[in-house]
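Chemist: Need a 3D model of the sequence below.
(2 chains)
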Amino acid sequence: MTAVPIDLTGNKGRHRREALIRRFFLAAALSSIVVSAAIVLSLFFEALRFLRDVDLSTLWTSGWYPRRNQYDVKTLFMGSLLVTGVAMVIATPLGLGAAIYLSEYAPPGARRVLKPILEVLAGIPSIVIAFFAISWVSPEVVQRINPDAPLYTLLAAGIGVGILVIPLVASVTEDALRAVPRSLREASYGLGAKRVTTSMRVVFPAAISGIVASLILAASRAIGETMVVALAAGGSGNSAFTTDVFSQGQTVTAAMMSLAFGTDRVAGGGGSEAGAAYQSLFFLGLLLFIVTMALNYVGDRFVRRVREAY
Amino acid sequence: MTTAAPPVPARPALTRRRIDTWGLAFQGALIFCLIACFAFLLVLLADVIGDGWVVFSDRGGEFLTSNLSSRPAQAGVWQAIKGSLMLAAFVVVISFPLGIATAVYLEEYARDTRLTRFITLNIRNLAGVPSVVYGLLGLAVFVELLGNDRSGGGLTGGRTLLSGGLTLALLVLPIVIITASESIRAVPSSLREGGYGLGATQSDVVRSLVLPNAAPGILTGTVLSLSRALGETAPLILTGAVVSTFFATPNQSVADQIRGDYTALPVTIFTFARQAKPEFKNELAPAAILVLLAVTLLCNAVAVLLRARYDTER
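Modeler: Got it, this is the predicted structure:
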């Protein structure tokens, strides 16, 4: 009797087909790297041209006047800072409060109903919030606080952005609170602690990395938010330096919008005929990209710290 | 508290119900926060419906089927609806297959190499990039580089629906990848092992076990990313969506429309809200918002329902 040879290598055609399919999926995955590279390259290329062509002293004067070749980034960053500050003042207490209630207080039935409603708020497009900021927030809130305020103010834009980032704060914070193990709460109750003590002195500190992360991510989102500011802050192409939230103002993102259409619309057709205003768009984009990347990186580190702890 | 009443009265200090004022106040404050969030939502809806409903009660469906116009009584959102639907088609055709394929590679094929970790990190970073930066990418690559006759042979035609659609597709790609990865990861590995035990190849396992089981989760994620794409404004304005109350769309073939002027619902809302005539800002903008909200909220509701069904089944 001779042994029947058994071929364990399998069908060669099948192997080749598997390798081909694998390569196809790898190619799809590599496309995301191409997208990142395209973003970074397009931003750097035009931003460098801008920095090369423009007189660097015009980047730190007073006021953003692209038509007069005055590109004061300080004006724009002050606007972004004010809007983000107002947004965080609104979103931090409301978002954290809602998250603590949903995670620590709400009965499961109520939670099942309340959480989707919060997700509906998260799904509202920013242009709708932008309209809400000028049609309701500005006359009903801002002009009640300060009757002299114009319809378009940095404060109205900030409140709008705040409403926009509340669901982000609430959902990341709630995830962090719910990741705190039950045993910690039970130990606290076992020692006779009240619910408020357990929530604030035990669960909250245990989830602090996730909570800080939610605030950092929200700030990053607020800085990058464009439409609310473009519509409600009232900044036209030109803007003077201001630190007053009750006045019109310009932020980094709103300045990019007004460069892209309307009075400041940058000439189509890149290359030599495109002016410095066109390239300043990419310079601002690069600054915004770097700031949000840095914030997201720090936020991500905090989120991962929670995951490692439990 | 114990159920049976104690036979001997205990010391009052132990049984007296003390009202925990601070605790109640804290709980009240928390409920206030939650109610404030919902109040924003309610006031927003009431405000928009209160302002915009008059357009529908006066003109009915005619507002939906008219083209843009500088005369408020005739202006409609048909071109915007058409533009939004065609942009959504780009997202469906480009982002969904590409995103799901990437997720399959990362979860099923990739080993834990430096390249894999880099791709994962890169996708997380891309998800955090502000949408206006994607608009710049679209402006630099699709409008200028590929749209220019000299450098790209006029491939996209410049400020066209094609450029806007490609930009939106790239914008939602990381969201599709992340949600698809999560639902593929949730497929129990026992299923895969069962498949391999029966002699299936890796692609068989992916096709007939992993993807069908991850489908509800993937579908939820794709619907949510579609609703995100429908609400985006800034990248479209940067890549040349029409921000005025008029542009002509004579009877064009679909191919001409893709390489022609376009607008979308959120862009039209922005346009209306910036017009000097009060009817645009006070009536037409909220009416257009109602159309947009109907579409995006419908998407979100479908996603929430899908997920709820998926969660109970597991």
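
Chemist: The closest residue to chain A within the stretch 151-300 of chain B - how many residues pack around it?
Modeler: Proximity of the stretch 151-300 of chain B to chain A (CB to the nearest CB) peaks at residue B:231, 2.7 Å away. C-beta here means a position set from N, CA and C on the backbone, and glycine is covered the same way. Neighbour count for residue B:231, taken as other CB atoms under 10 Å in any protein chain shown: 25.

Chemist: Check what pLDDT it gets.
Modeler: At residue B:231, the model reports a pLDDT of 93.

Chemist: My read is that it contacts residue B:266, right?
Modeler: Yes. The pair residue B:231 / residue B:266 is scored as a contact, 5.8 Å apart, by CB atoms under 8 Å.

Chemist: Against chain B, how distant is the residue nearest to residue A:55 when sequence neighbours are not counted?
Modeler: Nearest non-adjacent residue to residue A:55, counting by CB to CB, 6 or more residues apart in numbering or on different chains: residue A:69, 7.6 Å away. With distances taken as CB to the nearest CB, to the nearest Å, residue A:69 is found 21 Å from chain B.

Chemist: wait, isn't residue A:69 in contact with residue A:276?
Modeler: Yes. Taking CB under 8 Å as the definition, residue A:69 is a contact partner of residue A:276 at 6.4 Å.

Chemist: Overlap in contacts, these two.
Modeler: Counting by CB atoms under 8 Å, 6 or more residues apart in numbering or on different chains, the contacts common to residue A:69 and residue A:276 are residue A:54.

Chemist: who has more neighbours, those two?
Modeler: Remark: of residue A:69 and residue A:276, residue A:276 carries more neighbours, 18 against 13, as counted by other CB under 10 Å.

Chemist: Now list whatever residues contact both of residue B:231 and residue B:266.
Modeler: Shared contacts of residue B:231 and residue B:266 (CB under 8 Å, 6+ apart): A:125, A:127, B:292.

Chemist: Going by neighbour count, which of those residues comes out on top?
Modeler: For the shared contacts of residue B:231 and residue B:266, neighbours were counted using other CB under 10 Å, and residue A:127 has the most, 28 neighbours in all.

Chemist: need the contact list for that one.
Modeler: Residue A:127 is in contact with A:227, A:231, B:231, B:233, B:266, B:269, B:270, B:289, B:292, counting by CB under 8 Å, 6+ apart.

Chemist: Mind doing that once more with 6 Å?
Modeler: Contacts for residue A:127 (CB atoms under 6 Å, 6 or more residues apart in numbering or on different chains) come out as A:227, B:233, B:266, B:269, B:270.

Chemist: quick one, phi psi at it?
Modeler: phi -70, psi -30 (degrees, to the nearest 10).

Chemist: What's the per-residue pLDDT of the residue of the stretch 51-200 of chain B found nearest chain A here?
Modeler: Nearest to chain A in the stretch 51-200 of chain B, going by CB to the nearest CB, is residue B:130, at a distance of 2.7 Å. Note on residue B:130: pLDDT of 94.

Chemist: Can you verify my assumption that it contacts residue A:225?
Modeler: No. Applying CB atoms under 6 Å as the test, residue B:130 and residue A:225 come out as separate, 7.5 Å apart.

Chemist: how about the helix or strand in which residue B:170 is found: buried residues?
Modeler: Assessed by DSSP states H and E, residue B:170 sits inside helix B:161-185. Neighbour-count burial for helix B:161-185 flags B:161-184 (criterion: 16 or more other CB atoms under 10 Å in any protein chain shown).

Chemist: Centre of the chain to that helix, how far?
Modeler: Centre-to-centre, helix B:161-185 and its host chain are 10 Å apart (CA atoms, centre = their mean, to the nearest Å).

Chemist: which one is residue A:291 nearest to, not counting chain neighbours?
Modeler: Nearest non-adjacent residue to residue A:291, counting by CB to CB, 6+ apart: residue A:223, 6.1 Å away.

Chemist: re earlier: comparing residue B:130 and residue A:225, which shows the higher neighbour count?
Modeler: residue A:225 (29 against 24).

Chemist: Tell me the spacing between that one and residue A:171.
Modeler: 17 Å (CB to CB, to the nearest Å).

Chemist: Next secondary structure element downstream of the lowest-mean-pLDDT helix or strand in chain B?
Modeler: Lowest on mean pLDDT, DSSP states H and E among the helices and strands of chain B sits helix B:12-15, with a mean of 56. As assigned by DSSP H and E, the chain's next helix or strand after helix B:12-15 is helix B:21-59.

Chemist: Going by neighbour count, which residues of that following helix are buried?
Modeler: Of the residues in helix B:21-59, B:26-27, B:30, B:32-34, B:36-37, B:40-41, B:44-45, B:47-48, B:51-52, B:55-56, B:59 count as buried by neighbour count, 16+ other CB under 10 Å.

Chemist: again with stretch A:47-59
Modeler: Buried, per 16+ other CB under 10 Å, within stretch A:47-59: A:47, A:49, A:50, A:54, A:58, A:59.

Chemist: so which one among those residues has the lowest pLDDT?
Modeler: Lowest confidence among the buried residues of stretch A:47-59: residue A:58, with 78.

Chemist: tell me the SS of it?
Modeler: On the three-state scheme (DSSP: H, G, I helix; E, B strand; the rest coil), residue A:58 is labelled helix.

Chemist: those helices in the stretch 101-250 of chain B, which residues are they?
Modeler: B:114-128, B:131-137, B:149-152, B:161-185, B:189-197, B:202-205, B:211-231, B:234-238 (DSSP state H, counting those that start in this stretch).

Chemist: So which elements touch the second one?
Modeler: By that I understand helix B:131-137. If contacts are counted by 3 or more CB pairs under 6 Å, 6 or more residues apart in numbering or on different chains; DSSP states H and E, helix B:131-137 sits against helix A:12-53, helix A:276-309, helix B:161-185, helix B:234-238.

Chemist: chain center to the first one: distance?
Modeler: A distance of 24 Å separates the centroid of the chain from that of helix A:12-53, by CA atoms, centre = their mean.

Chemist: as a whole number, average confidence for the helix or strand just after that helix?
Modeler: Per DSSP H and E, the first helix or strand lying C-terminal to helix A:12-53 is strand A:64-65. Strand A:64-65 shows a mean pLDDT of 84.

Chemist: which ones are touching residue A:85?
Modeler: Per CB under 6 Å, 6+ apart, neighbours of residue A:85: none.

Chemist: and residue B:80, backbone torsions?
Modeler: phi -70, psi -40.

Chemist: per-residue confidence at it?
Modeler: For residue B:80, the predicted pLDDT is 92.

Chemist: one step back: also within reach of chain A: list those from the buried residues of helix B:21-59.
Modeler: Filtering the buried residues of helix B:21-59 for proximity to chain A by CB under 6 Å from any CB of the partner chain leaves B:26, B:30, B:33, B:34, B:36, B:37, B:40, B:41, B:44, B:47.

Chemist: Looking at these, which is nearest chain A?
Modeler: Of all those, residue B:33 has the smallest distance to chain A: 2.6 Å, by CB to the nearest CB.

Chemist: Would you check that that closest one makes contact with residue A:94?
Modeler: Yes. Between residue B:33 and residue A:94 there is a contact under CB under 6 Å: 4.8 Å.

Chemist: tell me the mean pLDDT over stretch A:122-136?
Modeler: Here stretch A:122-136 scores 93 as its mean pLDDT.

Chemist: so who does the residue nearest the centre of chain B touch?
Modeler: Central residue of chain B (CA atoms, centre = their mean): residue B:228, 1.6 Å from the mean position. With contact taken as CB under 6 Å, 6+ apart, residue B:228 is in contact with residue B:172.
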